[in-house]
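Participant: okay, here's the prediction I keep looking at, along with the sequence it came from:
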Amino acid sequence: MIPALPPDSVYTSCYCEENIYLLSKSFFDDEEMRSLWEIYVIFVSNDNKTVALWHQKAARSTDAAVVWDYHVILILRSRKSRMKIERIGEEQHSWVYDFDTRLLAPCQWKEYLNLTFPDGLLHTYERRVQFRVIPVVLFLQHFASDRSHMVSACLSNSDHTDVHEPQLVGQKIIESNALQLKETDAIYFSPPPPYAPICGPRALQEGITHNLMSHYVVMVETEGPYGVVLDREGVDRFFTQ
């Protein structure tokens, strides 16, 4: 039976990497789940950080694409079916979990790939899609994000600022025209999650607080436990054979 998307899954808009981290941890912590499924985290981007995805909830219409700098999904690949496939040569069945898709969640890999990244339309946008595939155990251990990539500005305790429209500062809405902040607060492009920033055990041990953009979003092979980078054809082979 295909595992359903847990109804109590934590979701924060514009923080797909953290949403998937928490989902992958909940799956990995389930011993039965680990025995039946291989769990992978997939970062989707390209050299320009302008990748087009169709059937996303953020799209203005159902037939329009959304262009993200990157996106993150989770894929389960059946261990049992893989053994059967090797024996009789059938196609692998893998399932995609994407919090931001209009498609089913989970969605069968082939359907998700063809509808989200339609091969014939990608050339129109001149945005070649690439995929960084990471085994879940490595991702949970080594991923770290201090959310600095989502900070648009900082207001220090010596700053006086005129705020003519409501802005999000940390998790407080500021509406006054002249406000002196008592301590440094980050202004985020999108409200951050209410829990502390994520730092995997190995990343913490190595003193790493932020490797999201430098080691996961970047679509260049990097040394270390950061998975492999594949093109559309390569990632399709990976999850169907």
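Facilitator: Done, it's in.
Participant: is it true that Cys14 touches Ser190?
Facilitator: Yes - with contacts counted by Cβ atoms under 8 Å, Cys14 reaches Ser190, the gap being 3.8 Å. From N, CA and C alone the C-beta is placed, and that goes for glycine too.
Participant: any common contacting residues for those two?
Facilitator: Common contacts of Cys14 and Ser190 (Cβ atoms under 8 Å, 6 or more residues apart in numbering): Met150.
Participant: so the two - more neighbours on which side?
Facilitator: Set Cys14 next to Ser190 and count neighbours by other Cβ atoms under 10 Å: Cys14 wins out with 15 against 11.
Participant: contacting residues for that one?
Facilitator: Applying Cβ under 8 Å, 6+ apart, the residues near Cys14 are 150, 189-190.
Participant: what do you get for Val229?
Facilitator: 130-133, 219-221.
Participant: would you mind measuring from His210 to Ala144?
Facilitator: 6 Å (Cβ to Cβ, to the nearest Å).
Participant: wait, Leu115
Facilitator: The gap separating Leu115 from Ala144 is 32 Å, by Cβ to Cβ.
Participant: these two: which has the busier surroundings?
Facilitator: Between Leu115 and Ala144, counted using other Cβ under 10 Å, Ala144 has the larger neighbour count: 20 against 15.
Participant: how about the more buried one, nearest residue that isn't a chain neighbour?
Facilitator: Ala203 (3.9 Å; Cβ to Cβ, 6 or more residues apart in numbering).
Participant: surely the one you found is within a strand?
Facilitator: No - applying DSSP: H, G, I helix; E, B strand; the rest coil, one finds Ala203 to be helix, outside a strand.
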